[in-house]
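S.K.: Sequence first, predicted coordinates after that:
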Amino acid sequence: MSMLIEVWGDYACFTRPEMKTERVSYDMITPSAARGLVEAIYWHPGLRYTIDAIYLLKPFGLDPEDEASTEEYTQRPIRFTNIRRNEVKSTLLSSAALSAAKGGTPPVLYTSEDIQQRAAMVLQDVHYVIECHFDLTDKAAPSDNPGKFQDILRRRLRKGQCYHQPCFGCREFPANFREWPGGSIPALKVTQDLGFMLHSLDYSDPANIRSQFFRAKLVDGVMECRDVEVFT
C-alpha cells in the first residue's frame, strides 16, 4: 500500500557516521531516518515500511514573490547552517541499566559536570515528500488487512496524531507532517551525486548489527531508494 507523506521543519541533522566529534549532516534525509519518521506517526508489529523515494521540495511556506525572484530557493534548495549546542560527552551503557534493573546501583550522569559545547553543520528549512509502502508481516492478526492499516495511517496524518514527536535526526529538530494533498509533486532542477549514504541497519544477527549503505543520487529533485545496490 503506497503512501505520500509531506514533512517539513526548520532544522534537520542526519549525522554522517564518519564524523566522530562534530556533527555533520548528510545533504538529504536518509531512508532509515524517513522510515523512523513514518513509524513515529503509526507503528504496528503487523506491518513493515519500505521507503521507495524521497522528493526534495522548496522550503515550506515560501512566498510566491520570493519563489519567483530568489534563485537560492529554486535552484539550490539544500541549505546548510552552523550551530553550537550543549551536549554531554558521556553515555549510559545498556549493561549499566540492565544491572540496575536487577538490583544494582542505578547509573548516574551529571550534566553540569559532563557538559561540553560542540559545533554542528545542520540542514535548514527542510521540506520533503516521502513515498513509502508497507507490507504485512507474520505478526499481523488474521483480521488485519492493508486497507485497515492505510485508513488508520491516513486518519492519523489528517489529525496530526503520532506515538511520539517525529523528528529530523535529532529530538530537538521536530518534524511537521501531513498526507500529500494530491496532484503531481513539483520537480526541481536539482541533479546531484550525494555519495555513499546510510540506507538501513541489518538486524538479522542481533549480536552483529551491520550498517548498510548505498550510492545516493538526486535526479530532478528525486532520490530513488528502491532497487538500489546496498553495501555493508
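M.R.: Ah, there it is. Numbering: from 1, shown residues only.

S.K.: Where does the residue sitting furthest away from the middle of the chain sit: helix, strand or coil?
M.R.: Note on the chain: the largest C-alpha distance from the chain mean falls to G103, namely 36.5 Å (CA atoms, centre = their mean). Secondary structure state of G103, per DSSP: H, G, I helix; E, B strand; the rest coil, is coil.

S.K.: Give me the below-cutoff pLDDT ranges for the chain.
M.R.: Scanning the chain for pLDDT under 70 picks out the ranges 60-76.

S.K.: in it, which residue is closest to the centre?
M.R.: For the chain, the residue nearest the mean C-alpha position is A33 (2.6 Å; CA atoms, centre = their mean).

S.K.: Pull the contacting residues for it.
M.R.: Applying CB atoms under 8 Å, 6 or more residues apart in numbering, we find A33 in contact with 14, 168-169. (Glycine included, C-beta is placed from N, CA and C.)

S.K.: Tabulate these (CSV), appending distance to R23, secondary structure and neighbour count.
M.R.: Putting those into CSV (distance: CB to CB, whole Å; DSSP: H, G, I helix; E, B strand; the rest coil; neighbours: other CB atoms under 10 Å) gives the following:
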residue, distance to R23, secondary structure, neighbour count
F14, 10, coil, 24
F168, 13, coil, 26
G169, 9, coil, 23
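
S.K.: Tell me the one among those residues nearest to S99.
M.R.: Looking at the contacts of A33 and their distance to S99, the nearest is G169, at 30.3 Å (CB to CB).

S.K.: C-terminal to the top helix by length along the chain, what's the next element?
M.R.: As far as residue count goes, and with DSSP state H defining each element, the longest helix of the chain is helix 146-159. Moving toward the C-terminus from helix 146-159, the first helix or strand encountered (DSSP states H and E) is strand 176-179.

S.K.: Against L109, how distant is the closest residue to A141 other than its chain neighbours?
M.R.: Spatial nearest neighbour of A141, chain neighbours left out: G46 (6.4 Å); criterion: CB to CB, 6 or more residues apart in numbering. Here G46 is placed at a distance of 37 Å from L109 (CB to CB, to the nearest Å).
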